[in-house]
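Asks: turn this into a model:
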Amino acid sequence: MPVPDQRDPEVTGRALTAWFGRHLPGVRIPHLETPQNSGFSSETLMFDAEWTDGDGAQRREPFVARVAPAGYQIFPEPRFEEQYRLMRILDERTGIPVPPIRWYEPSGDVLGAPFFVMGRVEGRVPTDMPPYHMGGWVTEAPPDERAAMWWSTLEILASLHRLDADDLGLGFLDQPAWGATGLDQRLAYYENYLHWAYKGPQKTALKALEWLKANRPDEPDDPAVLWGDARIGNVIFRSGVPAAVLDWETAVLGAPEEDLAWFLFLDRHHSEGVGVPRLDGFPPHTDTVARYEELLGRPMRHLAYYEILSGFKFSVIMARIGQAMIDFGWIDETADFPYNNNCTQLLARILGDGR
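Replies: Predicted coordinates:
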């Protein structure tokens, strides 16, 4: 969800050039794009850098800077440095395709907030606005390309879930302040998040939370590394093949079922949830679950529970987006959008009929 951008590209370019000089002496930034709108969770700056190599060769490279939220934010606790640390480990020590991670600036002295710089990966990302089943380039892609996008992302997700978190030093993704790893943490965190996000009524979300507490299953396996926002809308594709996987700010440790359910729920939201059919080529959810069981070598347990958890988490995020829309004057403060939107309506149907 975008918030108004106040950044001056010329001022930003000068600040980045001075900072880049520490890493690439004599660097120039001839072109920098500041978005018309910048996101809550982080701001994205796109720019090119030019410099002279040590052997005298002229170099030009495209970069992206992700800037931590300095004002309005979508999450109560932005885990910005953790996102950088995770992406750097994935880039350097695994086969998970993330953009090449270059540098991190922990202070706010340069851009007003911490930021990290990564290489820019070319390709196309499925749209959320409009949802990709409704509009955008995915509606024009051939069915076999859509199928390739789906299955290849699923394989990356399985590769992530097979990583050894201890061996990679990813224990920092755990959030023990919210309870035991997995569902204890997730329910406590999102319950707190819900009350922080929006102070108005939350009938559907609270009903879901009550159900989740009353019906929570065991998680018998060792916790896996979870993407946290697993969906094709966070992947840069080239001809159906993932070039890079993005947006790791909600990565945690937990059960793979949680990621898979989110992957399926967001796709359901982007089709049934907005009143349009799924596009041809995208495999059925039943086939997806069967394939994922093959990839992990075990059954997927309690996916109906994790689907409701996904709907609850997304309802909390939508509540915060609704509050932002009120705060920025885009909707009236009496509007019901924070608690009555496509997500909460889909969640209410699932809670009501179990489908």
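
Asks: what pairs with the helix or strand hosting R59, parallel or antiparallel?
Replies: When elements are assigned from DSSP states H and E, R59 belongs to strand 58-67. Here strand 58-67 has these sheet partners by DSSP bridges: strand 43-52 (antiparallel), strand 115-119 (antiparallel).

Asks: name the residues that touch the shortest one?
Replies: This points to strand 115-119. The contact list for strand 115-119 (Cβ atoms under 8 Å, 6 or more residues apart in numbering) reads 61-68, 84, 87, 98-105. Using the backbone N, CA and C atoms, a C-beta is placed for each residue, glycine as well.

Asks: do the same with the first one
Replies: Outside of strand 43-52, the residues within contact range by Cβ under 8 Å, 6+ apart are 5, 7, 12-13, 16, 20, 24-35, 38, 58-67, 69, 111, 113, 120.

Asks: surely P283 meets W150?
Replies: Yes: P283 sits in contact with W150 when judged by Cβ atoms under 8 Å, with a separation of 5.6 Å.

Asks: how is P277 assigned, secondary-structure-wise?
Replies: Assigned with DSSP: H, G, I helix; E, B strand; the rest coil, P277 falls in the coil class.

Asks: separation between it and L346?
Replies: To L346, P277 is 15 Å away according to Cβ to Cβ, to the nearest Å.

Asks: tell me how far M149 lies from H270.
Replies: 13 Å.

Asks: kindly apply the preceding question to W103 instead.
Replies: 35 Å.

Asks: buried stuff in stretch 277-289?
Replies: 278-279, 281-282, 285, 288-289 (16 or more other Cβ atoms under 10 Å).

Asks: next: stretch 168-178.
Replies: 170, 173-175, 178.

Asks: please save the CA atoms from it in PDB.
Replies: Coordinates of each C-alpha in stretch 168-178 appear next as PDB, following Å, rounded to 0.1, in the frame of the first residue of the first chain:
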ATOM      1  CA  LEU A 168      23.000 -21.000   8.300                       C
ATOM      2  CA  GLY A 169      22.900 -19.000  11.600                       C
ATOM      3  CA  LEU A 170      19.300 -17.900  11.000                       C
ATOM      4  CA  GLY A 171      18.200 -18.200  14.700                       C
ATOM      5  CA  PHE A 172      17.700 -14.400  14.700                       C
ATOM      6  CA  LEU A 173      14.500 -15.000  12.800                       C
ATOM      7  CA  ASP A 174      12.900 -16.500  15.900                       C
ATOM      8  CA  GLN A 175      10.800 -14.100  18.000                       C
ATOM      9  CA  PRO A 176      10.900 -15.600  21.500                       C
ATOM     10  CA  ALA A 177       9.400 -12.500  23.100                       C
ATOM     11  CA  TRP A 178       6.000 -13.600  21.600                       C
END
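
Asks: measure the closest residue to I326 other than its chain neighbours to W51 for me?
Replies: Nearest-residue entry for I326: E333, 5.0 Å, with adjacent residues in sequence omitted and distances by Cβ to Cβ, 6 or more residues apart in numbering. Going from E333 to W51 by Cβ to Cβ gives 50 Å.

Asks: mind listing the helices in the stretch 251-355 of the chain by residue range?
Replies: 256-269, 285-296, 303-327, 342-353 (DSSP state H, counting those that start in this stretch).

Asks: and if you look at the stretch 1-150 of the chain?
Replies: With DSSP H, counting those that start in this stretch as the criterion, the stretch 1-150 of the chain has helices spanning 9-20, 80-93, 143-161.
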